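# next come a sequence and a model predicted from it.
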Amino acid sequence: MARISYLCTKLYILYMTRLAQRCLLPIVIALLLSGCGEKGKSELKKFTLDGRVQGTYYHIVYYHLDDKEAARAKLPNSNDIKRGIDSIFKAIDETLSLWNPNSIVSKVNANEQVMLNDIFIDNFQSAQELSRLADGCFDITIAPIVKAQGFANEQRTKTDKQQIDSLMQYVGYDKVKIENNTIKKLYPQTQLDFNAIAQGYTSDKVSQYLTKNNICSHIVDVGGEVYASNRKPDGQQWRVAIEQPSEIPDAQREYNSFIKIENQSIVTSGNYRKFFVENGIKYTHTIDPKTGQNAKHSLLSVSVVAKTATTADALATAFMVMGMEKAEAFIAKHPEYQAIFIYCDTDGKTKTKATKGLQDQIEILK
């Protein structure tokens with residue numbers, strides 16, 4: 001009997017071990033398929049994607065099952081994820097790129113009749129809403145002024161105030177609308193430029209794609225437009241560096257501060273990289289859509305924290321137009337948005353100021 005009992009015990013242990021092995025993966029799968037809650041974090045592997053898109057870099061980090069386990073779980077593997085992200089990049093380029101002569105926005109600017117897709121409509125509607133919110137300090141119809149000053153093609157030309165003034169009649173978000181799935185302009189000379197919102201939108205769409213595929217711990221950075229999802233598998237928040245402004249070309253990058261975020265976006269806009277000097281006067285790429293003139297104030301850069309990168313992208317541009325004082329007043333009325341301002345004080349020294357809602361998230365180095 002003892003022998004039989006021993007064999008039965010041994011067989012029972014073997015059975016339970018195999019049962020546990022078979023059950024382990026389904027448990028992990030069930031946790032993954034349950035959505036973006038707590039998961040089997042120890043089973044997740046870190047993946048990194050880097051490349052070029054929209055004339056800038058992208059950097060993506062996400063945590064997911066390794067390819068073998070993903071296949072067993074019938075979930076997308078790393079190659080599937082890469083293809084999915086590339087398809088998002090391609091679709092946005094074919095819609096919003098001013099460098100692509102066949103893009104929808106290029107055809108709209110050339111006054112060709114073209115049916116709008118969801119990407120164009122989403123960006124246009126968001127831009128209109130954000131223009132109203134920012135009292136016109138953000139405006140996608142600024143394209144004629146950007147071109148006239150040479151910022152569109154990096155070929156700086158002598159600024160002509162008379163030319164700028166004559167072009168201003170075509171600028172204004174109220175001069176264009178969507179009607180029957182096509183763009184209707186008050187003036188054919190009105191042109192659209194989504195560059196101050198498209199990269200933020202791209203980060204949002206990539207994040208949404210990853211979340212849809214149950215990859216809930218990730219960070220997406222497209223040209224500095226960052227969206228961070230749930231915390232890392234180890235429970236830590238995502239730590240994002242904010243650059244110290246420098247006008248020196250190819251200068252070694254230094255950091256001004258670090259901020260911890262989760263389920264938030266942070267986007268930085270600044271005047272210290274794109275500018276030119278004419279007759280001793282510095283002209284920055286930040287242009288006030290209401291005057292057509294280059295912004296002139298002490299603000300070097302602003303980093304906006306918001307729920308979406310689309311919103312943060314547009315508001316970062318708007319705040320650079322407003323200047324620090326008006327931007328702070330805006331945030332006081334809309335505390336759902338927060339910001340870090342890097343500016344020159346009256347003595348010419350670089351200073352940093354974070355709004356109240358970020359005090360527990362930010363570490364200022366300089």
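Thanks, I have it. Numbers count the residues shown, from 1 in each chain.

# shaky segments in the stretch 151-300 of the chain?
Filtered on pLDDT under 70, the stretch 151-300 of the chain yields the residue ranges 151-159, 247-251, 272-284.

# now the helices for it?
For the stretch 151-300 of the chain, applying DSSP state H, counting those that start in this stretch gives helices covering 161-167, 198-212.

# let's have those in a markdown table, adding mean neighbour count.
All C-beta atoms are positioned from the backbone trio N, CA, C, and that covers glycine. Putting these into a markdown table (neighbours: other CB atoms under 10 Å) gives the following:
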| stretch | mean neighbour count |
| --- | --- |
| helix 161-167 | 14 |
| helix 198-212 | 23 |
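
# turn these into TSV, columns for distance to residue 325.
TSV is the format used below for the helices of the stretch 151-300 of the chain (distance: least, CB to CB, whole Å):
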stretch	distance to residue 325
helix 161-167	25
helix 198-212	24
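
# closest one to residue 52 among the ones you listed?
helix 198-212 (12.5 Å; CB to CB).

# just give me how far the closest one sits from the chain centre.
Centroid separation for helix 198-212 versus its chain: 8 Å, with CA atoms, centre = their mean, to the nearest Å.

# for that helix, packing partners?
Helix 198-212 sits against strand 56-64, helix 78-96, helix 118-133, strand 218-222, strand 225-228, strand 264-270, helix 309-322, with contacts defined as 3 or more CB pairs under 8 Å, 6 or more residues apart in numbering; DSSP states H and E.

# switch to 7 Å and redo it
In this structure, helix 198-212 packs against strand 56-64, helix 78-96, strand 218-222, strand 225-228, helix 309-322, with contacts taken as 3 or more CB pairs under 7 Å, 6 or more residues apart in numbering; DSSP states H and E.

# so can I have TSV of these showing distance to residue 111 and mean neighbour count?
Output for the helices and strands packed on helix 198-212, formatted as TSV (distance: least, CB to CB, whole Å; neighbours: other CB atoms under 10 Å):
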stretch	distance to residue 111	mean neighbour count
strand 56-64	29	19
helix 78-96	17	17
strand 218-222	30	24
strand 225-228	30	28
helix 309-322	25	28
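
# now these as JSON lines including distance to residue 179?
As requested, those are exported to JSON lines (distance: least, CB to CB, whole Å):
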{"stretch": "strand 56-64", "distance to residue 179": "33"}
{"stretch": "helix 78-96", "distance to residue 179": "19"}
{"stretch": "strand 218-222", "distance to residue 179": "31"}
{"stretch": "strand 225-228", "distance to residue 179": "30"}
{"stretch": "helix 309-322", "distance to residue 179": "23"}
